[in-house]
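Visitor: mind looking at a prediction? Sequence and model below.
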Amino acid sequence: MPIELHAADTPNGRKISVALEEMALPYVVRSVDLAGGRQFDPEFLAISPNGKIPAIVDPDGPEGSAVSVFESGAILIYLGEKTGRFYPAQLAARIPVLEWLMFQHGGFGPIPGQVHHFLTVPDERDRSYALARYSKETRRLYGVMDRRLAAHEFFAGEVSIADFAILGWAWRHERHKVDLAEFPSVRRWYDAMMARPGVQRGFAVRLS
């Protein structure tokens, strides 16, 4: 039976649709109407207690039992463990995958997400300081990624779940007010990732 992907058309939702396509796992989309507040429905909270997308339900989980997983990083690790793809079995190779996955979850997600928010704040006094602060930090994070990718083809050497996680947010670089021409190694990586057929399918599938 296919995995149920409960998601919307957001960076965190796209991480998982890309991973599912790249891992060739059958899935069905269960769109969550965020504007309508459906993420707070009891049925959704039963699989995602924090009321956030994405979440998955895998009817064929460990030992053949159904399992639900919430938080996009946990989902990516689960899918990597399940398939043995894009998540190395050896600890030494897994370390950089986890490092860059945590980099995305701790920084390159929450910080540009604040840029998304404050760009929409109508009051200039409320917007200007916060937007300057979060935009500066967002650009710093792009610089961190650019230096890493100047020495590595992908974030952990080979394509991994870390790339899927970071791509979900780099996809919104225009909304971050970031020109990738200023970060050529990120641009090279981004173009290579977006050219992958699995990635293209993951972005094409309708999530909302």
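Guide: All right, it came through fine.

Visitor: domain assignment for the chain?
Guide: With domains defined by automatic domain parsing, the chain comprises 3-86+199-204, 91-196.

Visitor: how long is the longest one from one end to the other?
Guide: Right, domain 91-196. End-to-end distance of domain 91-196 (C-alpha to C-alpha, to the nearest Å): 27 Å.

Visitor: what's the average pLDDT for the helix or strand hosting Ala19?
Guide: Under the criterion of DSSP states H and E, Ala19 resides in helix 11-22. The pLDDT scores in helix 11-22 average 98.

Visitor: buried residues, it. List them.
Guide: 11-22 (16 or more other C-beta atoms under 10 Å). Using the backbone N, CA and C atoms, a C-beta is placed for each residue, glycine as well.

Visitor: again, but for stretch 55-72
Guide: 55-58, 61, 69-72.

Visitor: restricted to helices, list those residues.
Guide: Residues of those located in helices (DSSP state H): Ser72.

Visitor: and the furthest pair within the buried residues of stretch 55-72?
Guide: Spatial extent of those (C-beta to C-beta) is set by the pair Gly61 and Ser72 at 17.6 Å.

Visitor: one step back: next structured bit after the helix holding Ala19?
Guide: The helix or strand immediately downstream of helix 11-22 is strand 27-31, counting by DSSP H and E.

Visitor: can you list the buried residues in that next one?
Guide: For strand 27-31, a neighbour-count test (16+ other C-beta under 10 Å) marks 27, 29-31 as buried.

Visitor: which of these sits closest to Pro88?
Guide: For the buried residues of strand 27-31, the nearest to Pro88 is Tyr27 (23.2 Å; C-beta to C-beta).
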